[in-house]
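Trainee: Got a predicted model here, sequence first, then my questions.
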Amino acid sequence: MSNELEIKAIKVEFNDYLFFVGAAKATDLFKVSVVLRADEDPENGFQRVLGKTRANQIAEYFNNGNVIPGSIVLSSKNNVPDYDNKQNMLKLHMDSEELLVIDGQHRLYGASLAEDNVYLPFCIFYGLNKVMEVQYFLDINGYQMGVPKTLRLELQKFIAEEDSEEFILKSLFDELESNPRSPLSGKMSRTKSVAGKISHVSFQSGLKPILNRIPLNSFNIKQKKLVLLNFFSALEFILIDIFGDSKKLSNAAFFQAIMWAFPDICHTVRTKSGNYKQEYFQDVLEVLGGINWEENKGTNNHAIKQLTAAITDAVSGKNNIRDDMF
């Protein structure tokens, strides 16, 4: 059995660099490749620890019929390639671990675990020394920017299935951001985190935990939008009455706390009035003026939970005082 691997490749010579680009079976590339990890080989290694969970996720991604078009970047241990210019064929030796992985170890390993043959794009450099290999690794990984979380959530609109949790959250965000009647219009940010605005991340932190609780879980999407518009309109009125402005509406910590208290607020409103009109929310939310805001102004998770409890206690306290008690 031959220990040579022949793969179709295009030869590129540019700025004194020699490299080959093409696509090959991941299992074949995996057999002729090696990864030098810093924790395993402190003297020569520079790669990160392999995350097997991540690699398995990539394998599953391929198993579901998806592709990852980004190239695996490799460096050959041989300075002179064994290349047939007429046939555009690059010859590699299967038993020599000829290629060093510079970038793409998780994609390569994950693709090699996939159920079917996966073809990966590759870029194989010849003539790189250790310094150049490490510099490429740092350049490729150091300048890559992850997609901001709030932008990822915004892009769910293209892939979320209708009536899914992601679709509902995105629809509610859109309504509160774009409806002229909404007090949050102009105070929300779709694609990035902005000080003084509610991003998708803050919005989901507030809404997601209560989406499947009473009363939101019993409403259709139109009713969810209406009750939230009534609620925020009432809240804006109360905040202006207490503080002289409604800046707290776009404060991420306050937004999260008030939304976590929303089911209890709705219970009180429903108990007192039977419906969720703006004026009834206003009546119940008047008690917010009695909260000690100086003691409830932190932004960490503990402070948010403390403010939620303060809001809930205030609302429940008002609900317990009935006219027929006097």
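Mentor: Everything's here; your move. As the structure is a computational prediction, the values presented were derived from the model and not from experiment.
Trainee: in the stretch 101-250 of the chain, which spans are helices?
Mentor: For the stretch 101-250 of the chain, the helices defined by DSSP state H, counting those that start in this stretch cover 105-113, 130-142, 149-154, 165-178, 200-207, 221-243.
Trainee: and Leu29, which of those is closest to it?
Mentor: Ranking the helices of the stretch 101-250 of the chain by their distance to Leu29 (criterion: C-beta to C-beta) puts helix 105-113 first, at 6.2 Å. Quick note: C-beta positions are derived from backbone N, CA and C, even for glycine.
Trainee: in the closest one, what's buried?
Mentor: 105-113 (16 or more other C-beta atoms under 10 Å).
Trainee: if we can go back for a sec, nearest to Ser193, of the helices of the stretch 101-250 of the chain?
Mentor: Nearest of these to Ser193, taken as C-beta to C-beta: helix 149-154 at 5.8 Å.
Trainee: Pull out the CA atoms of that closest one and give them to me as CSV.
Mentor: Taking Å, rounded to 0.1, in the frame of the first residue of the first chain, the C-alpha atoms of helix 149-154 are listed here in CSV:
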residue,chain,number,x,y,z
LYS,A,149,-23.3,38.7,20.8
THR,A,150,-25.9,41.4,20.3
LEU,A,151,-25.2,41.2,16.5
ARG,A,152,-25.6,37.4,16.6
LEU,A,153,-28.9,37.8,18.3
GLU,A,154,-30.0,40.4,15.7
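Trainee: of the buried residues of helix 105-113, closest to Lys52?
Mentor: Nearest to Lys52, judged by C-beta to C-beta, of those is Tyr109 at 8.2 Å.
Trainee: For the closest one, report the pLDDT, please.
Mentor: Reported pLDDT at Tyr109 in the predicted model: 88.
Trainee: Is it correct that it is in contact with Ala55?
Mentor: Yes. Using C-beta atoms under 8 Å, Tyr109 is in contact with Ala55, at 4.5 Å.
Trainee: can you map out the strands along the chain?
Mentor: Under the criterion DSSP state E, the chain contains strands at 4-14, 17-25, 33-34, 72-76, 82-84, 89-93, 99-103, 119-126, 188-189, 198-199.
Trainee: what residues does the fourth one touch?
Mentor: Applying C-beta atoms under 8 Å, 6 or more residues apart in numbering, the contact partners of strand 72-76 are 29, 33, 98-104, 107-108, 120-126, 128, 133, 136, 140.
Trainee: one more time with 6 Å
Mentor: For strand 72-76, contacts defined as C-beta atoms under 6 Å, 6 or more residues apart in numbering pick out 98-104, 108, 120, 122-126, 128, 133.
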